[in-house]
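Student: coords please:
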Amino acid sequence: MAPLTPPQAPPTWKHTVRDVDKLITEALEKKKKTHDDIVKLPEDKFDFDNSALALAEAELKCVSEPLAFYQNVSPDKELRDASILAEERTRKFANEQSMREDLYKAMATAEANLRQTGARDNLSAEQKRLVEKMLLDGKRAGLALEKMEDKERLKTLKDQLSDACLEFIKNFNEENGHISFTREELDGVPEDVISGFTQRTEGDNVLYDVTFKTPDIEPVLGRASNPSTRKAAHTAHEGRLAVNVTPLRTILQLRKEIAEILQYGSWADYATEVRMSKSAANVREFLDELRRYLDPIGRKELEAIIALKNEDYTKRGLLVDDDLDICDSRYYSRLYVENNLSLDGSLVKEYFPVSFVVPAILDIYQSLLGVKFVEVHGEAKDVWHPDVQQFAIWEKDAQDESDFVGHCYLDLYPRDQISSCGCVLPLPGHELPGGKRHYPVAAIVANLAKSAPERQALMRHFDVTILFHEMGHIFHELLSRTRYSRFHGTTAAIDFAEAPSQMLENWCWEPEVLKKMSSHYKTQDPLPDDLIAKIVKSRYFNVGLFYLRQLVWATFDLIVHDNSLDVNTDYTKLWNELRQQITHLKGGNQPGQAGFGHIAGDYDVGYYGYTYSLVFATDMYTTVFKKAPLDPKLGKLYRDKILLPGGSRDEMDLLKDFLGREPNPKAFVNEIEQTRRSL
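Tutor: Numbers count the residues shown, from 1 in each chain. Okay, here's the model as predicted:
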């Protein structure tokens with residue numbers, strides 16, 4: 001059978017700076033014309049079909065999202081700058097259009113007409129959801145405000161907020177600092193890691209430049225035997241984005257003012273209104289309850305780790321105390337796990353070469369979810385960097401173009417121009433007039449170590465789990481099938497959107513999956529059973545401190561947005577004090593909050609969602625998949641009930657449909673308790 005041709009061409013990645021400006025200008029003008037045409041209609045003609053708002057939104061995304069994507073990945077600084085400017089223009093346009101009273105009136109009139117004529121009863125559930133969300137958008141945009149000066153002030157504040165967020169994100173993406181050490185100072189760091197550092201001579205010393213990208217800095221923090229090296233690396237890493245201290249303060253102040261004008265108690269209340277949690281009070285209650293549960297577990301773990309540290313300090317002739325410094329936490333936490341479980345992380349890495357793990361993960365997902373990845377090569381390949389892989393995705397037994405799924409890109413290796421954290425960037429699918437579809441496009445951006453002639457790039461088990469998680473987002477984007485782009489894929493509420501990928505992380509702790517994903521870089525043997533048993537046992541071995549660290553981020557995110565702080569709050573001091581209070585780890589005075597990328601993007605008051613959604617993720621896995629994690633029949637159930645609807649249905653309804661009952665709010669805690677009892 002001849003290769004199938006996708007019914008939709010992939011995006012092009014050959015834009016120039018002039019192209020970016022021209023395309024975004026045309027796209028914004030086209031959407032504005034649609035809005036202008038809508039408001040000119042007679043009031044009795046306002047209905048759902050001729051509003052065209054959803055299609056206009058989708059068409060703008062198809063143009064603006066790829067152009068905005070360049071700022072995260074392009075090697076060309078001028079193109080990255082043009083990308084940032086294009087996103088800035090798009091955000092300001094969205095702010096401006098969201099404040100159009102005539103457009104809001106048209107939507108409200110259309111909704112009233114639908115009810116009056118009875119036509120609303122004939123709408124699909126997704127259509128009704130779109131009407132409700134559009135009207136709520138108007139309220140949240142401030143169109144229900146009575147005073148014109150409030151509306152004008154609101155628009156100004158939104159534009160300023162957009163500028164501040166873009167400044168923060170630009171600094172975050174373009175951070176390219178490093179810290180240098182001698183070979184002696186890097187004692188304990190694996191040789192395969194050191195061989196990847198840039199080497200240079202300064203005077204009589206040979207120095208190794210360690211970037212703040214995860215594959216470089218994490219092994220130094222976790223394995224350098226010299227405490228001074230760990231302290232220097234941690235201090236430099238925490239302070240790497242000090243330039244963002246001022247933009248973050250501006251962001252938080254602007255959000256506070258916007259919430260006040262919109263008559264919300266705080267920005268946290270504004271943000272959570274459209275989440276599963278429904279309110280900032282519910283989030284606080286959730287975090288407080290989880291902290292009460294985790295704190296005694298974390299304290300007990302900390303006592304054991306401090307004893308280990310003091311034993312090591314005594315051997316080194318260093319001063320011992322009853323605290324664990326934040327700079328030492330990764331090193332001794334790792335050592336604690338390895339000593340107690342006889343688990344050597346360096347040995348585990350040998351079974352996870354990047355070159356094997358990536359295709360193995362793709363194979364697992366393809367088999368489970370019934371699709372196939374067809375890589376694009378040669379002249380047909382069109383990517384933003386030579387290292388990027390391009391794929392067309394089809395149904396497993398595709399017969400014709402109706403079995404096409406979408407386009408996908410894997411940008412997996414670090415470079416100066418790439419976003420410094422793993423993420424997925426989506427271009428949603430949607431229905432076109434006449435019943436045809438615009439197919440989704442998804443890209444994963446990661447920071448995996450890259451192989452070189454003198455070394456094989458290896459992954460920690462933690463890195464494998466993160467990649468498996470991010471690939472879960474990719475498939476959520478690709479396998480969703482909604483009428484409107486607004487509801488496609490991961491557009492579900494933030495505090496649920498992580499649940500599908502978190503559920504899939506469980507595969508990385510299943511013996512049969514670990515066998516499939518592992519291949520020793522020399523012998524090609526899979527992980528042996530005894531090593532797999534130790535990996536599985538380690539999952540909740542240090543669970544208290546791990547999730548207490550997650551609570552630091554989530555609590556900071558909530559507190560700085562809930563109006564409980566003085567306007568002159570020192571956020572660097574708050575960051576470090578919160579970390580010490582919650583994790584009981586001593587020390588630290590650097591502006592770590594300035595590297596908190598989520599807070600300036602679309603994840604504001606959303607970090608709690610990682611732990612909040614774990615409840616749902618755990619319940620889904622233990623109820624459905626635990627008995628047969630690689631069963632394609634269960635994969636199809638998951639695909640149909642969770643992935644396909646995206647955000648087109650209430651998230652609680654999705655869960656009940658998939659589980660066959662109400663979710664169990666204690667699922668996550670119960671799983672931890674059950675596992676810990678077996679240790």
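Student: below-threshold pLDDT in the stretch 351-500 of the chain: ranges please.
Tutor: Within the stretch 351-500 of the chain, the segments meeting pLDDT under 70 span 417-423, 453.
Student: now do the helices in it.
Tutor: Assignment of helices within the stretch 351-500 of the chain using DSSP state H, counting those that start in this stretch yields the ranges 354-369, 461-479, 494-497, 499-505.
Student: can you list the residues that contact the first one?
Tutor: The reference is to helix 354-369. Helix 354-369 has contacts (CB atoms under 8 Å, 6 or more residues apart in numbering) with 371-373, 396, 410, 412, 448-451, 456-459, 464, 467-468, 471, 475, 479, 507, 513, 516-519, 521, 630-632, 635-636, 638-639, 643. C-betas here are computed from N, CA, C, even on glycine.
Student: likewise for the last one?
Tutor: Counting contacts by CB under 8 Å, 6+ apart, the residues outside helix 499-505 that touch it are 465, 468-473, 476, 610, 613-614, 616-618, 620-621, 625, 638, 642-643.
Student: what distance do you get for Val536 to Asp204?
Tutor: 48 Å (CB to CB, to the nearest Å).
Student: show me which of those two is the more surrounded one.
Tutor: Neighbour count, other CB atoms under 10 Å: between Val536 and Asp204, Val536 has more, with 16 against 5.
Student: just give the nearest non-adjacent residue to that one, would you?
Tutor: Nearest-residue entry for Val536: Trp509, 5.4 Å, with adjacent residues in sequence omitted and distances by CB to CB, 6 or more residues apart in numbering.
Student: so the one you found touches Arg539, yeah?
Tutor: Yes - under the criterion of CB atoms under 8 Å, Trp509 is in contact with Arg539, at a separation of 5.4 Å.
Student: all strands for the stretch 401-550 of the chain, in order.
Tutor: For the stretch 401-550 of the chain, the strands identified by DSSP state E, counting those that start in this stretch occupy 404-411, 423-427, 430-431, 437-438, 441-445, in order along the chain.
Student: can you list the ones you listed in CSV and add distance to Tyr270 and mean neighbour count?
Tutor: Rendered in CSV, the data for the strands of the stretch 401-550 of the chain read as follows (distance: least, CB to CB, whole Å; neighbours: other CB atoms under 10 Å):
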stretch, distance to Tyr270, mean neighbour count
strand 404-411, 33, 24
strand 423-427, 24, 21
strand 430-431, 27, 20
strand 437-438, 31, 18
strand 441-445, 29, 23
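Student: Ile305: which of the ones you listed is closest?
Tutor: strand 423-427 (31.0 Å; CB to CB).
Student: quick one: low-confidence parts of the protein?
Tutor: Scanning the chain with the threshold set as pLDDT under 70 gives 1-2, 49-51, 417-423, 453, 678-679.
Student: related to what we said a few turns ago, let's have the strands of the stretch 401-550 of the chain in a markdown table, adding distance to Glu257.
Tutor: Putting these into a markdown table (distance: least, CB to CB, whole Å) gives the following:
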| stretch | distance to Glu257 |
| --- | --- |
| strand 404-411 | 37 |
| strand 423-427 | 29 |
| strand 430-431 | 34 |
| strand 437-438 | 38 |
| strand 441-445 | 33 |
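Student: so for Met148, which of these sits nearest?
Tutor: Using CB to CB, the strands of the stretch 401-550 of the chain put strand 430-431 closest to Met148, at 35.3 Å.
Student: show me what the closest one pairs with in its sheet, parallel or antiparallel.
Tutor: With DSSP bridges as the test, strand 430-431 is paired with strand 437-438 (antiparallel).
Student: partners of Gln389 in the sheet?
Tutor: Those that pair with Gln389 in a beta bridge, by DSSP bridges, are Leu410.
Student: give me the neighbour count for it.
Tutor: Using other CB under 10 Å as the criterion, Gln389 is surrounded by 19 other residues.
Student: these two touch, right, it and Glu375?
Tutor: Yes - counting by CB under 8 Å, Gln389 touches Glu375, with 6.3 Å between them.
Student: what is in contact with these two at once?
Tutor: In contact with both Gln389 and Glu375: no residue, using CB under 8 Å, 6+ apart.
Student: the closest residue to Val243 other than its chain neighbours: neighbour count?
Tutor: Leaving aside its chain neighbours, Val243 sits nearest to Asn171 (5.2 Å; criterion: CB to CB, 6+ apart). Residues lying near Asn171 (other CB under 10 Å) number 19.
Student: is Asn171 in contact with Thr246, as I believe?
Tutor: No - Asn171 lies out of contact with Thr246 (CB under 8 Å); the separation is 10.2 Å.
Student: any common contacting residues for those two?
Tutor: Applying CB under 8 Å, 6+ apart, one finds that no residue jointly contacts Asn171 and Thr246.
Student: which stretches in the protein count as strands?
Tutor: Counting by DSSP state E, the chain forms strands over residues 178-182, 198-202, 205-211, 371-375, 389-395, 404-411, 423-427, 430-431, 437-438, 441-445, given from the N-terminal end onward.
Student: and the fourth one, what does it pack onto?
Tutor: On a contact count with 3 or more CB pairs under 8 Å, 6 or more residues apart in numbering; DSSP states H and E, strand 371-375 meets helix 354-369, strand 389-395, helix 461-479.
Student: who's in contact with that strand?
Tutor: Strand 371-375 has contacts (CB under 8 Å, 6+ apart) with 3, 362, 365-366, 389-396, 398, 405, 408, 475, 478-479.
Student: flag every buried residue along that strand.
Tutor: Across strand 371-375, burial judged by 16 or more other CB atoms under 10 Å covers 371-373.
Student: got it, and the first one?
Tutor: Of the residues in strand 178-182, those buried under the neighbour-count criterion (16+ other CB under 10 Å) are 178-181.
Student: mind listing what it pairs with, with the direction of each?
Tutor: Take DSSP bridges as the rule and strand 178-182 pairs in its sheet with strand 205-211 (antiparallel).
Student: what's the angle from the strand it pairs with to strand 198-202?
Tutor: 140 degrees (axes from the mean of the first three to the mean of the last three CA atoms, to 10 degrees).
Student: what comes up buried for strand 205-211?
Tutor: Going through strand 205-211 with 16+ other CB under 10 Å, the ones that come out buried are 207-208, 210-211.
Student: which of these lies closest to Gly606?
Tutor: The closest of the buried residues of strand 205-211 to Gly606 turns out to be Thr211 (CB to CB; 27.6 Å).
Student: so how far is Asn244 from that closest one?
Tutor: Between Thr211 and Asn244 the computed distance is 18 Å (CB to CB).
Student: count of residues packed around Glu132?
Tutor: Number of residues near Glu132 (other CB under 10 Å) recorded here: 11.
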